[in-house]
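Peer 1: curious how this folds, go ahead:
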Amino acid sequence: MTMPVRDSVRPAPPGVRARLHVAGRLKAASVDEVKAAADFVDVVSARTQLRKAGARYSGRCPFHEERTPSFSVNAVDKLYYCFGCGAKGDLITFVRDTEQLDFVGAIEWLAERFNVQLEYEEVSPEADARRQRRERLLALLDAAAAYYERVLWESPAGSHARDYLVGRGLGEEVCREYRLGLALGGQSLARKAREKGFSEQELAAGGLVNRRGNDYFAQRLLFPLADARGRVLGFQARKLREDDPLPAKYVNSPEGELFRKGDLLYGLDRARAAIAKQDRALVVEGNPDVLALRQAGFEPVVACMGTALTERQLKELARLTRRLVLCFDGDAAGETATLRGMELAAEQGFEVRVVALPPGVDPADAAATFATHLAKAQSYVLYRVRLEVDRAPDRQEAFVRGSAVLARFADSPERWEAESFLRDRLDVPKETQIGFAPHGRTSARAGTVSAPLLLGAGDRLERDVLAGCIAHPRLLTYLEEIPPDDFRSDLHRRLRAHLLAPGDEPEPELVGLLAELDARVVSEGIDERTAEQLLLRLRERHLRRRLDEADGEQLRQLHHDLERVRTRIAEFV
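Peer 2: The predicted structure is shown next:
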């Protein structure tokens with residue numbers, strides 16, 4: 001027997017209730033105590049089997065599929081690095097990524113597991129009131145989602161919406177997983193929420209009622225919109241009836257204290273683990289596309305909810321991957337706003353590929369054959385060049401537009417592919433092809449080593465030097481002799497500063513680099529003698545740079561110092 005709908009508004013879920021007592025931020029001493037008490041090997045072993053390998057442990061990476069173990073664990077310093085997919089970090093990073101938690105959540109998870117009593121700092125009454133208000137709103141929105149779910153699945157009023165879902169080919173299992181619901185309208189939700197002790201002000205702040213006090217959504221299919229931790233912040237409502245007074249097919253919760261559409265990606269909370277494991281995110285336009293692809297077995301899929309990708313959405317994705325596959329229907333993919341989102345992703349360093357579907361066909365329609373479409377995904381530069389050529393009114397304009405797109409991209413295999421397409425499609429004469437060359441860059445195919453390769457060699461030297469100093473602290477005195485500006489990478493400069501003057505907890509990016517370099521010390525055999533030689537080579541590079549700007553007595557001194565360094569390097573041969 002199912003419970004009646006009137007009983008379905010629930011109090012805050014356990015995870016929310018458990019945090020209502022918190023009076024402030026975690027004390028630093030408690031964080032340190034948790035880190036010290038936690039057995040990192042025990043934590044990792046819950047996700048993958050480890051075996052002892054010298055001073056370390058190794059196993060198959062829990063973040064991607066592999067047959068040969070490439071996951072390295074430093075049990076003492078509590079660091080990990082995967083040589084296969086590049087996953088890296090420390091104890092806290094591992095728990096955050098595997099358990100889908102934020103920093104505080106990860107500390108509390110570890111404290112509970114290893115029996116550590118946490119202490120919190122006191123905060124002002126105003127800050128505590130703001131926190132309690134936010135927790136109340138989160139509890140209200142979660143309860144509202146539960147109410148809408150029961151209306152959809154357990155009431156006669158939900159039959160029309162259930163029929164719609166069947167017609168779209170969406171099964172009950174995936175719809176329940178994503179907590180789809182149905183809004184009745186009137187004051188059905190508002191009345192139940194008031195009975196549970198929520199105020200009119202809270203209902204309005206949560207975007208659940210209009211100015212008249214009636215339910216904000218009426219007779220619409222609801223998609224709860226959650227943050228990366230799965231906390232419901234708002235809803236998107238899909239039109240079901242022709243007599244709906246609102247003409248828009250989709251309506252969102254009003255923007256407010258919690259809900260800002262441009263911050264969220266639909267389905268990210270359920271796709272996070274798969275995105276990190278597969279190192280890619282499939283980005284579609286609509287929420288039904290997410291459900292259809294998830295149902296078809298594609299797990300790392302999210303939706304930008306009908307708009308262009310925003311900086312805040314890309315920031316969320318960047319925490320998990322730098323590889324995006326964008327899939328919109330043929331009409332949407334050519335729209336200016338959609339192209340702007342693609343451009344923004346490419347500018348921010350994402351590897352962007354595009355699945356181009358026929359006009360009028362969306363990913364939900366093509367779910368059964370999506371693997372075939374995915375295999376034909378084009379690089380973003382090729383997609384843009386192809387689009388500009390198709391849009392151009394004549395061959396000359398197509399050449400101008402295609403060349404303008406190519407000029408924005410550096411040399412790469414993807415750019416060469418797009419260049420080849422433009423050349424072959426327009427039958428471009430050889431004497432004209434020189435215009436394709438990237439500005440300020442010599443093509444690697446012309447026999448000249450390109451700037452990225454030189455920078456790559458320099459980056460490797462800097463990383464190996466820092467790795468050697470991590471493993472052999474005695475060499476830090478030599479690192480001090482090399483000024484920070486001689487490190488080309490800002491990240492390397494920050495790590496140098498941290499190694500020479502360790503203070504506060506390093507930022508997450510530095511933690512990841514520390515973990516990677518710690519693992520590479522062993523894999524690349526950087527013993528103390530090798531590390532000293534690498535430091536001398538970096539010192540040599542520094543002196544050679546200064547020679548270009550020196551004169552007089554300074555020039556003679558630099559030549560003397562350089563000769564001494566080279567003599568010492570020769571002693572290692």
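
Peer 1: ok, which stretches of the stretch 451-573 of the chain are helices?
Peer 2: In the stretch 451-573 of the chain, the helices defined using DSSP state H, counting those that start in this stretch lie at 451-471, 476-479, 490-500, 508-523, 528-547, 552-570.

Peer 1: which other residues reach the shortest one?
Peer 2: Taking CB atoms under 8 Å, 6 or more residues apart in numbering as the criterion, the residues outside helix 476-479 that touch it are 465, 469, 496, 499, 500, 532, 535, 539. In short, each C-beta sits where N, CA and C put it, glycine included.

Peer 1: at 6 Å what do you get?
Peer 2: The contact list for helix 476-479 (CB atoms under 6 Å, 6 or more residues apart in numbering) reads 469, 535.

Peer 1: quick check, pLDDT for residue 487.
Peer 2: What the model reports as pLDDT for residue 487 is 85.

Peer 1: need the contact list for it.
Peer 2: With CB under 6 Å, 6+ apart, residue 487 has these contacts: 462, 493, 496.

Peer 1: and residue 171, how far from residue 293?
Peer 2: Look at residue 171 and residue 293: by CB to CB, to the nearest Å, they are 13 Å apart.

Peer 1: who's more crowded, these two?
Peer 2: Taking neighbours as other CB atoms under 10 Å, residue 171 and residue 293 compare with residue 293 leading, 25 against 13.

Peer 1: spatially nearest residue to that one, not counting backbone neighbours?
Peer 2: Using CB to CB, 6 or more residues apart in numbering and skipping residues adjacent in sequence, the residue nearest residue 293 is residue 301, 4.7 Å away.

Peer 1: would you agree the one you found is in contact with residue 281?
Peer 2: No - Residue 301 is beyond contact range of residue 281, at 7.6 Å (criterion: CB atoms under 6 Å).

Peer 1: quick one: list the elements packing against the top helix by length along the chain.
Peer 2: Counting by DSSP state H, the longest helix found in the chain is helix 125-154. Secondary-structure packing of helix 125-154 (3 or more CB pairs under 6 Å, 6 or more residues apart in numbering; DSSP states H and E): strand 181-183, strand 232-239.

Peer 1: ok, now with 8 Å
Peer 2: If you count contacts as 3 or more CB pairs under 8 Å, 6 or more residues apart in numbering; DSSP states H and E, helix 125-154 packs onto helix 14-17, helix 159-167, helix 172-177, strand 181-183, helix 188-195, helix 200-205, strand 220-226, strand 232-239.

Peer 1: format those as a markdown table; extra columns: mean pLDDT and distance to residue 116.
Peer 2: Output for these, formatted as a markdown table (pLDDT from 0 to 100; distance: least, CB to CB, whole Å):
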| stretch | mean pLDDT | distance to residue 116 |
| --- | --- | --- |
| helix 14-17 | 35 | 19 |
| helix 159-167 | 95 | 46 |
| helix 172-177 | 96 | 34 |
| strand 181-183 | 97 | 39 |
| helix 188-195 | 94 | 37 |
| helix 200-205 | 94 | 34 |
| strand 220-226 | 97 | 29 |
| strand 232-239 | 96 | 30 |
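
Peer 1: and of those, who's closest to residue 25?
Peer 2: Checking these against residue 25 by CB to CB gives helix 14-17 as the closest, at 18.1 Å.

Peer 1: going along the chain from the closest one, find the next helix or strand for me.
Peer 2: Per DSSP states H and E, the first helix or strand lying C-terminal to helix 14-17 is helix 28-37.

Peer 1: for that next one, buried residues please.
Peer 2: 30, 31, 33, 34, 35 (16 or more other CB atoms under 10 Å).

Peer 1: for the residue lying closest to residue 253 once chain neighbours are set aside, the count of nearby residues, please.
Peer 2: Nearest non-adjacent residue to residue 253, counting by CB to CB, 6+ apart: residue 234, 3.4 Å away. The local packing of residue 234 (other CB under 10 Å) involves 22 other residues.

Peer 1: show me what residue 234 is bridged to.
Peer 2: Taking DSSP bridges as the rule, residue 234 bridges to residue 225.

Peer 1: hmm, residue 216 and it touching each other?
Peer 2: No - checked against CB atoms under 8 Å, the pair residue 234 and residue 216 is beyond contact range at 10.0 Å.

Peer 1: please enumerate the shared neighbours of these two.
Peer 2: Residues touching both residue 234 and residue 216 (CB under 8 Å, 6+ apart) are 207, 253.

Peer 1: residue 85: which of the buried residues of helix 28-37 is nearest?
Peer 2: The nearest member of the buried residues of helix 28-37 to residue 85, counting by CB to CB, is residue 35 at 24.8 Å.

Peer 1: list the contacts of residue 514.
Peer 2: Contacts of residue 514 (CB under 8 Å, 6+ apart): 79, 90, 470, 495, 506.

Peer 1: relative to residue 536, how far out is the nearest residue to the first one once chain neighbours are set aside?
Peer 2: Right, residue 79. Spatial nearest neighbour of residue 79, excluding adjacent residues (CB to CB, 6+ apart): residue 515 at 4.0 Å. From residue 515 across to residue 536, the span is 26 Å (CB to CB).

Peer 1: those two - which one has more neighbours?
Peer 2: Neighbour count, other CB under 10 Å: between residue 515 and residue 536, residue 515 has more, with 25 against 21.

Peer 1: tell me where the stretch 401-550 of the chain is predicted with low confidence.
Peer 2: Applying pLDDT under 70 to the stretch 401-550 of the chain picks out residues 428-458, 548-550.

Peer 1: try 50
Peer 2: The stretch 401-550 of the chain contains residues with pLDDT under 50 at 434, 439-456.

Peer 1: and the angle from the longest helix of the chain to strand 220-226?
Peer 2: 140 degrees (axes from the mean of the first three to the mean of the last three CA atoms, to 10 degrees).

Peer 1: quick check: mean pLDDT of helix 125-154?
Peer 2: The average of the pLDDT scores along helix 125-154 is 92.

Peer 1: and stretch 263-275, by the same measure?
Peer 2: Stretch 263-275 shows a mean pLDDT of 91.

Peer 1: please save the CA atoms from that stretch in CSV.
Peer 2: C-alpha atoms of stretch 263-275 as CSV (Å, rounded to 0.1, in the frame of the first residue of the first chain):
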residue,chain,number,x,y,z
ASP,A,263,25.9,28.3,-11.6
LEU,A,264,24.4,24.8,-12.2
LEU,A,265,24.8,21.9,-14.6
TYR,A,266,21.8,19.5,-14.5
GLY,A,267,22.9,16.1,-13.4
LEU,A,268,26.4,17.0,-12.2
ASP,A,269,25.9,15.5,-8.8
ARG,A,270,25.2,12.1,-10.4
ALA,A,271,27.8,12.4,-13.1
ARG,A,272,30.8,13.6,-11.1
ALA,A,273,32.3,10.2,-10.4
ALA,A,274,31.9,9.0,-14.0
ILE,A,275,33.3,12.3,-15.4
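
Peer 1: could you give the separation of that stretch from the chain centroid?
Peer 2: Averaging C-alpha coordinates over stretch 263-275 and over its chain gives two centres that are 9 Å apart (CA atoms, centre = their mean, to the nearest Å).

Peer 1: go on, stretch 70-90?
Peer 2: 19 Å.

Peer 1: how far does it stretch from one end to the other?
Peer 2: Using CA to CA, to the nearest Å, the span of stretch 70-90 from its first residue to its last is 17 Å.

Peer 1: quick one: residues in contact with that stretch.
Peer 2: With CB under 8 Å, 6+ apart as the criterion, stretch 70-90 contacts 35, 38, 40-41, 44, 48, 50, 53, 55-64, 66, 91, 94, 97, 276, 279, 508, 511-516, 518-520, 522-523.

Peer 1: got the residue ranges for the strands in the stretch 201-350 of the chain?
Peer 2: In the stretch 201-350 of the chain, the strands defined using DSSP state E, counting those that start in this stretch lie at 220-226, 232-239, 250-252, 281-284, 301-303, 323-328.

Peer 1: done for today, thanks.
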